[in-house]
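> give me a model of this one.
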Amino acid sequence: MKAAHFVVAAALSLGLAGAVTAFDQPVDVSAKTPRITNYKTMPKALRGTWQEKNYAKYKKGVKVRWTYTFYKNSYTMRMDFKGGNKKSKSIHFSKNEIGGMRYDREYKTYDVYPGGKAIPKSKLPYAAYLTLSAGRHNGKRALGLHGIADDKITYFYRK
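This is a model prediction of the structure:
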């Protein structure tokens, strides 16, 4: 009986000693890498002209197709209207009007957000927080624009 207690006590003490030394090990270096990478210029995965495939409903009787052109330090948003008497509209956001650009490694998304102090009031309705994911959709290179209010993803294809 005493031998059985001795074996159990020895196994427990070795198990606790192993657990203590396991927690005392140094942390893996890859675990210390930051989740967010901030960019000073537009990431290369986003650069270029990206356009929606079809027109979407904008207002009653009017449809719109969005086009984004990302440059090194700025981007342009273009709205092409179909139906009604609205003209196409192009809004350019310069480097001073962009608050920042970053990449989130966990979700694999790029964020481009406004925040410069130089945004004029005429551009404020169009200054949006863009959450984009680069990848493939229907076999083509695409950017997915994630909606903030819902889970809808709008895809933009290389023009």
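
> so which bits of stretch 48-58 are buried?
By neighbour count with 16 or more other C-beta atoms under 10 Å, stretch 48-58 contains the buried residues Trp50, Gln51, Glu52, Tyr58. All C-beta atoms are positioned from the backbone trio N, CA, C, and that covers glycine.

> from Pro114, how far out is the first one?
Read it as Trp50. 18 Å (C-beta to C-beta, to the nearest Å).

> same check on the second one?
In this structure, Gln51 lies at 22 Å from Pro114, with C-beta to C-beta as the measure.

> low-confidence stretches in this protein?
Scanning the chain for pLDDT under 70 picks out 1-33.

> what segments of this structure are helices?
2-23 (DSSP state H).

> quick one: residues contacting the closest residue to Gly115 other than its chain neighbours.
Counting by C-beta to C-beta, 6 or more residues apart in numbering, Gly99 is the residue found nearest to Gly115 once chain neighbours are left out, at 2.1 Å. By C-beta atoms under 8 Å, 6 or more residues apart in numbering, the contact set of Gly99 is Tyr113, Pro114, Gly115, Gly116.

> quick one: which of those residues has the most company?
Pro114 (17 neighbours; other C-beta atoms under 10 Å).

> that one and Tyr126 touch, don't they?
No. Pro114 lies out of contact with Tyr126 (C-beta atoms under 8 Å); the separation is 9.2 Å.

> how much space between the residue nearest to Gly115 and Lys87?
With C-beta to C-beta as the criterion, Gly99 and Lys87 are 29 Å apart.

> how about Lys72?
Noted for Lys72: a distance of 29 Å to Lys87, by C-beta to C-beta.

> quick one, which of these two is more surrounded?
Neighbour count, other C-beta under 10 Å: between Lys72 and Lys87, Lys72 has more, with 11 against 8.

> residues contacting the closest residue to the more buried one other than its chain neighbours?
Leaving aside its chain neighbours, Lys72 sits nearest to Thr41 (5.2 Å; criterion: C-beta to C-beta, 6+ apart). Taking C-beta under 8 Å, 6+ apart, we find Thr41 in contact with Lys72, Asn73, Met101.

> and Phe81, by the same measure?
Per C-beta under 8 Å, 6+ apart, neighbours of Phe81: Tyr58, Val62, Lys63, Val64, Lys87, Ser88, Lys89.

> Ile98 bridge partners, please.
Under DSSP bridges, the beta-bridge partners of Ile98 are Pro114.

> thank you, goodbye.
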